[in-house]
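Visitor: Sharing a sequence plus its predicted fold:
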Amino acid sequence: GNYYGPAFMLRYGLAANNSKLVDIGEDNLVYNNAIVQKGFDKISVLLGQMEEVLMAGFGMIEGERHQPNDDQRKRLYDLIDLLDNLAKGFGYYIPDEAFSGGFAASTYGPTSLNGILAAMNFEAALQLGGENKEKWIATGKEILAAGRAKAYDEKLGYYIFSETRTGHFLYPNIAQMLGNLRAYQLTDDNAYLEHAESLYDAIEPLSLEGKSWYRSPYSAEEMGAKTDEYTTLSSQNYAMLALTVAYGVTKKQKYKDRALKILEFVRADLLEGDRILHHWIDGKIASPTDKYVYCSGCNLQVLYVIWQMETLLAN
């Protein structure tokens with residue numbers, strides 16, 4: 001929510017001339033600055049709440065795009081430097097044990113975080129540019145190279161979750177796909193585009209026959225799934241985002257078609273009343289007895305993804 005909330009509220013609020021939404025987005029930027037400052041002050045916050053600090057950083061990029069501010073800019077640039085230097089200390093691939101059992105390690109995993117951190121550098125370069133642009137591009141490329149060396153299985157053609165947890169998962173491959181697409185947009189190096197497109201083929205085995213969505217097995221056991229028919233809203237959001245960017249770059253119809261089919265699954269099967277529920281499990285929507293039922297951040301992410309789809313799939 002720290003990223004997708006202000007990103008959607010600010011972009012759509014301005015486009016729709018809706019000052020209330022803009023105000024909500026700007027309020028969230030205040031919170032983002034505060035949680036990033038906590039990450040500076042305490043390493044336990046930075047590592048234990050890595051996903052929140054990361055997403056707050058992306059939100060601050062949106063804030064700078066919306067309304068440049070000297071204090072926010074300095075804090076954002078310092079955050080990117082801090083995260084990059086932290087990652088550099090681990091060879092740009094932060095292992096499971098560094099997160100002290102935090103949510104980021106168990107949910108996204110080191111390989112996904114590697115791709116997301118690369119994407120943060122690329123996003124800053126794309127959105128903000130300036131004197132740091134080339135540095136961010138160079139660092140993002142180093143991060144991707146480390147992730148590929150550590151976690152890409154050349155024989156199987158996909159990224160593993162981490163060095164201690166192998167297997168075929170959606171999150172790491174989608175994160176790396178998006179990171180490589182951003183790298184291509186900034187460098188015009190076809191190697192990044194070719195690798196990103198190969199990852200589309202790599203995630204296809206995570207589809208079930210007759211289904212438009214991808215299995216997301218990272219939390220299936222935790223949620224008590226008894227069959228392979230399990231997926232989460234968050235994972236499908238990231239898939240739609242990566243596919244939408246892939247279409248924007250290549251104009252290949254298959255990416256647009258798949259993104260729209262996933263969105264239709266979200267609308268038809270996960271939407272309940274005025275909210276979209278957390279997951280689909282064993283042929284049914286999430287129920288009140290499940291460990292997780294609803295995620296506000298994921299719902300805000302849907303709005304942001306639809307905004308991107310409206311822009312990138314229009315042509």
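Guide: Done, it's in.
Visitor: Out of the helices and strands in this structure, which is least certain?
Guide: helix 103-107 (a mean of 66; mean pLDDT, DSSP states H and E).
Visitor: and the next element down the chain from that helix?
Guide: Note on helix 103-107: by DSSP states H and E, the next helix or strand toward the C-terminus is helix 109-127.
Visitor: Dump the C-alpha coordinates for the helix or strand harbouring Ile35 into PDB.
Guide: Element membership of Ile35, judged by DSSP H and E, is helix 19-41. Extracted C-alpha coordinates of helix 19-41, given in PDB (Å, rounded to 0.1, in the frame of the first residue of the first chain):
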ATOM      1  CA  SER A  19      -8.400  16.800  -4.800                       C
ATOM      2  CA  LYS A  20      -9.500  14.300  -2.100                       C
ATOM      3  CA  LEU A  21      -7.600  11.500  -3.800                       C
ATOM      4  CA  VAL A  22      -4.600  13.700  -4.200                       C
ATOM      5  CA  ASP A  23      -4.700  14.700  -0.500                       C
ATOM      6  CA  ILE A  24      -4.800  11.000   0.500                       C
ATOM      7  CA  GLY A  25      -1.800  10.300  -1.700                       C
ATOM      8  CA  GLU A  26       0.100  13.200  -0.200                       C
ATOM      9  CA  ASP A  27      -0.800  12.100   3.300                       C
ATOM     10  CA  ASN A  28       0.700   8.600   2.500                       C
ATOM     11  CA  LEU A  29       3.900  10.300   1.400                       C
ATOM     12  CA  VAL A  30       4.300  11.700   4.900                       C
ATOM     13  CA  TYR A  31       4.000   8.200   6.300                       C
ATOM     14  CA  ASN A  32       6.500   6.800   3.700                       C
ATOM     15  CA  ASN A  33       9.100   9.400   4.700                       C
ATOM     16  CA  ALA A  34       8.600   8.400   8.400                       C
ATOM     17  CA  ILE A  35       9.000   4.700   7.900                       C
ATOM     18  CA  VAL A  36      12.100   5.200   5.700                       C
ATOM     19  CA  GLN A  37      13.500   7.300   8.500                       C
ATOM     20  CA  LYS A  38      12.900   4.500  11.000                       C
ATOM     21  CA  GLY A  39      14.800   2.200   8.600                       C
ATOM     22  CA  PHE A  40      17.700   4.600   8.800                       C
ATOM     23  CA  ASP A  41      17.500   4.800  12.600                       C
END
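Visitor: Now do that helix: which elements does it pack against?
Guide: Secondary-structure packing of helix 19-41 (3 or more Cβ pairs under 8 Å, 6 or more residues apart in numbering; DSSP states H and E): helix 4-15, helix 43-48, helix 50-66, helix 70-89. (Each C-beta comes from the backbone N, C-alpha and C, glycine too.)
Visitor: Would you mind giving those helices as CSV with distance to Leu186, mean neighbour count and mean pLDDT added?
Guide: CSV is the format used below for the helices and strands packed on helix 19-41 (distance: least, Cβ to Cβ, whole Å; neighbours: other Cβ atoms under 10 Å; pLDDT from 0 to 100):
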stretch, distance to Leu186, mean neighbour count, mean pLDDT
helix 4-15, 19, 22, 95
helix 43-48, 26, 17, 80
helix 50-66, 14, 23, 92
helix 70-89, 15, 16, 94
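Visitor: Roughly how far does the most centrally placed residue in the chain sit from Thr250?
Guide: Centroid check for the chain by Cα atoms, centre = their mean gives Tyr238 as the closest residue, at 5.5 Å. Tyr238 sits 18 Å away from Thr250, taking Cβ to Cβ, to the nearest Å as the criterion.
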